[in-house]
Structure formats: C-alpha cells, structure tokens
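Enquirer: Sequence and predicted structure are below.
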Amino acid sequence: MSVFVSAAQNNSGLQVQLHPLVLLTVSDLYTRCRVQQSTRNAPLPHLVGAVLGTQSGRTLSLETAFQLTLTPDGTLDVPFLVTKADQYKQVFPEYDILGWFTLAAEPGEWELGFQTQFAQATENDSPILLTLDPSTFSPSSSTSGTSDLPIAIYESIIEPPSMVTRFISAPSYAIVSGEAERIAVDHASHPSTTAGGEEASLVQYLKTYASATSLLQQRIRLLKSYLEDVKARKVQPHAGVLREMNALCAQLPMNSSEEDTAFRNEFRRETADVQLTNLLGELTRGAGSVHELVSKHSLASAGAHPRGDAVSQGKKEKGQGGQGGGHRGGRGGRRLRGRRSNEDIGGF
C-alpha cells in the first residue's frame with residue numbers, strides 16, 4: 001500500500017452510488033488515449049476528469065463526468081474547469097462537482113497534490129477521488145469468474161498527530177442505473193463480432209453492401225465480356241443465356257428510346273418539384289427572418305427616441321395653444337373696437 005493512503009478503517013459512513021455513465025466516460029478516455037499512442041506499451045500521461053452528481057447527507061450519487069485539461073507544467077487548468085462546470089450547471093442545475101477521477105493503481109504524491117489544487121478550484125473541502133486501474137483488467141481476469149471492477153474510491157483526511165493529509169478508502173460503493181442508462185450500456189456492450197470486435201455494427205453493415213455491390217459489378221463485367229465475345233464470333237452463342245439476358249434488360253426502364261425519354265421527363269419533373277419545394281421553404285424562412293428583423297428594428301427605434309417624441313409633441317401642443325390665444329385675442333379686440341364705436345356715436 002502507498003504511503004499516501006491511510007491504513008486506518010473508514011468509519012465516516014459515506015455511501016457512494018456510482019452510475020454507469022461515469023464508468024463509460026473513464027473507460028472511453030483510457031481507450032482513446034491508448035489508441036492514439038504510437039507505442040502500445042508506452043506510459044500514459046496523467047488523465048484526469050471531474051465527477052458530477054448530487055449529495056444527500058452522507059450519500060453521494062455520481063451521475064456523470066467530463067475530462068479535464070492540464071497546463072504544460074502539469075497543474076489543473078482552472079479556467080477550463082470553471083467554463084465546463086458552468087455549462088453543466090445550465091443543463092443540470094441540480095448537479096454539483098463532487099470529486100475527480102484519474103487512471104492509477106492507487107493514489108500517489110502527484111494525486112495528493114492535484115487533490116489540493118482541485119479542492120481550491122472547486123471550493124470543496126474534501127472532494128472524492130475515483131481511480132481506475134486498467135492494468136488489473138485483462139481478458140484472463142474477465143473470464144476467471146470475478147466480477148470486481150478495477151475501481152476504487154477515496155476520501156482525503158488529516159491524520160493526527162502528524163496532521164498529514166492522506167487518502168482513505170471509501171467503505172463501499174454500489175452500481176445504480178436508470179432505464180435509459182441500462183439501454184445505453186446494453187447497446188455499448190454488443191460490439192461487432194468481426195475484426196476482434198473492434199468495428200461498429202454500422203461499419204459492418206456498410207461493408208456488407210459494399211461487397212454485394214462489388215460482386216454485382218463483377219457479374220456485369222462477365223456478361224459484358226461474354227456478349228463482346230459472341231459479337232466477335234469468339235465463342236458460340238447460348239440461346240438460353242441470351243434469352244435470360246434479354247428478359248433482364250426488358251425489365252429496365254430505359255430499354256427503348258421512347259421509354260427512355262418518358263422516364264427522363266418524369267425524373268426531371270419530380271426533381272424540379274422537389275427543388276421548388278425546398279426553395280419555397282427557404283423563401284419562407286427568409287421572409288420570417290426579415291419580418292423578425294423589421295420588428296426588432298421598429299422596437300429599438302421606438303425605444304431609442306422616447307424623449308425626442310415627447311419634446312416634439314410638447315412643442316406641437318404649445319404651438320396650438322398660442323394659435324388659440326391669438327384667435328381669442330382677435331375676437332376680443334373686435335368686440336372692444338365695436339363698443340368704442342357705439343360710444344362715439346352716442347356721444348355725438
């Protein structure tokens with residue numbers, strides 16, 4: 001056992017529920033990095049990732065995980081972690097970062113230093129560590145009847161009296177899964193039976209059709225060479241073979257010139273209909289985009305000049321009020337002039 005792992009018994013009462021998506025993420029990361037290496041037995045670099053899930057008391061539910069990046073000096077890339085955590089938080093607001101994972105037989109000095117960095121970056125006092133040891137998983141172990149996964153989960157503790165930080169193994173963990181996870185795991189556990197199970201079923205399906213097409217081309221070349229030899233009088237014609245070939249050619253839609261022309265016209269008409277339908281859809285989407293742009297521009301213009309509209313409206317009302325006062329003053333002046341004229345007449 002490593003000196004960085006405590007031999008004391010864990011009595012914290014921690015219960016860990018591990019979902020298959022976390023295991024698939026870790027194993028996929030190991031597989032991709034191993035395949036990308038030029039040398040098969042070359043040592044792998046430090047591969048780490050964050051583990052997300054929910055916590056209820058002392059029960060942790062590890063739901064999903066994602067890979068983390070390291071800086072050139074081997075430390076945690078904190079901006080990348082913060083960005084990815086925010087993205088996951090938008091999609092899964094109930095998930096929190098509960099710990100991290102790595103590929104190792106057991107934690108060492110580097111894992112202990114990274115634990116401190118990860119705790120500071122995530123503001124988690126004691127993140128858990130999930131380790132996967134791929135060296136213990138081999139074909140012989142998988143057929144020996146054992147069902148133990150090469151997975152270990154650790155906590156970090158401070159041991160008295162030296163007050164040294166060490167890892168301590170979690171009491172146990174349980175594999176739990178929902179219906180969707182069971183379907184995904186069942187699909188991933190059925191690889192193709194060809195090429196040692198390294199090819200996907202879709203690739204094998206396409207290869208079957210490619211081989212069938214290649215075989216058809218070979219048969220067509222053979223029949224073509226036979227007809228050329230018959231025409232050149234190199235071989236004797238066989239009436240039965242020629243009748244079968246004639247019957248096969250009669251089933252094709254381009255056997256005669258009239259049928260060929262009708263087929264091409266119908267094909268062009270259907271092609272034009274499909275293209276017109278696609279063009280109509282594009283025009284509809286374009287008109288909708290233009291309408292949305294005009295609506296936003298009108299809304300922005302209306303909201304950008306509210307004070308100018310109020311000032312112009314106030315000037316307009318003031319102008320109307322001045323004109324009204326002038327009219328009233330004019331009528332009053334006419335009445336005053338009329339009264340003076342009467343007084344002049346009476347005095348006369």
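Expert: Structure received.
Enquirer: now do the same end-to-end measure for stretch 48-68.
Expert: With Cα to Cα, to the nearest Å as the measure, stretch 48-68 spans 6 Å from end to end.
Enquirer: Now that stretch: buried residues?
Expert: Buried residues in stretch 48-68, defined by neighbour count with 16 or more other Cβ atoms under 10 Å: 48-53, 60-65, 67-68. C-beta: built from backbone N, CA, C; applies to glycine.
Enquirer: Kindly report the same for stretch 122-132.
Expert: In stretch 122-132, counting by 16+ other Cβ under 10 Å, buried: Thr122, Pro127, Ile128, Leu129, Leu130, Thr131, Leu132.
Enquirer: How about stretch 2-20?
Expert: Within stretch 2-20, the residues that count as buried by 16+ other Cβ under 10 Å are Phe4, Val5, Ser6, Leu14, Gln15, Val16, Gln17, Leu18, His19, Pro20.
Enquirer: got it, and stretch 150-167?
Expert: Those would be Pro150, Ile151, Ala152, Ile153, Tyr154, Glu155, Ser156, Ile157, Thr165, Arg166, Phe167, for stretch 150-167 by 16+ other Cβ under 10 Å.
Enquirer: Nearest to Leu81, out of these: which one, please.
Expert: Nearest to Leu81 among the buried residues of stretch 150-167 is Ser156, at 18.1 Å by Cβ to Cβ.
Enquirer: give me the element that closest one is part of.
Expert: strand 151-159 (DSSP states H and E).
Enquirer: Contacts for that strand, please.
Expert: 5-6, 8, 10, 12, 14, 16, 18, 23, 106-107, 112, 115, 119, 126-133, 164-170, 173 (Cβ atoms under 8 Å, 6 or more residues apart in numbering).
Enquirer: Stretch 116-132 now?
Expert: So stretch 116-132 is in contact with 16, 18, 22, 26-27, 30, 50-51, 60, 62, 75-76, 78, 81-82, 85, 97-107, 111, 115, 150-157, 165, 167, 170, going by Cβ under 8 Å, 6+ apart.
Enquirer: So which of those residues sit within helices?
Expert: Val22, Val26, Ser27, Tyr30, Val78, Leu81, Val82, Ala85, Glu111, Gln115 (DSSP state H).
Enquirer: Against Glu63, how distant is the third one?
Expert: Going back to what we said before, that points to Ser27. To Glu63, Ser27 is 16 Å away according to Cβ to Cβ, to the nearest Å.
Enquirer: just the fourth one next, same as before
Expert: From Tyr30 across to Glu63, the span is 20 Å (Cβ to Cβ).
Enquirer: can you count the residues close to the spatially closest residue to Leu47 that is not a sequence neighbour?
Expert: Nearest non-adjacent residue to Leu47, counting by Cβ to Cβ, 6 or more residues apart in numbering: Leu103, 5.0 Å away. For Leu103, the neighbour count with other Cβ atoms under 10 Å is 22.
Enquirer: same thing with the one 3 residues further on?
Expert: As a burial measure, Glu106 scores 15 neighbours (other Cβ under 10 Å).
Enquirer: Assign the closest residue to it other than its chain neighbours to helix, strand or coil.
Expert: Leaving aside its sequence neighbours, Glu106 sits nearest to Ser2 (Cβ to Cβ, 6+ apart; 5.0 Å). Classification of Ser2 using DSSP: H, G, I helix; E, B strand; the rest coil returns coil.
Enquirer: so who does Ser2 touch?
Expert: Glu106, Pro107, Gly108.
Enquirer: Which one of the residues you listed is nearest to Ser301?
Expert: Looking across the contacts of Ser2 and measuring by Cβ to Cβ, the closest to Ser301 is Pro107, at 62.9 Å.
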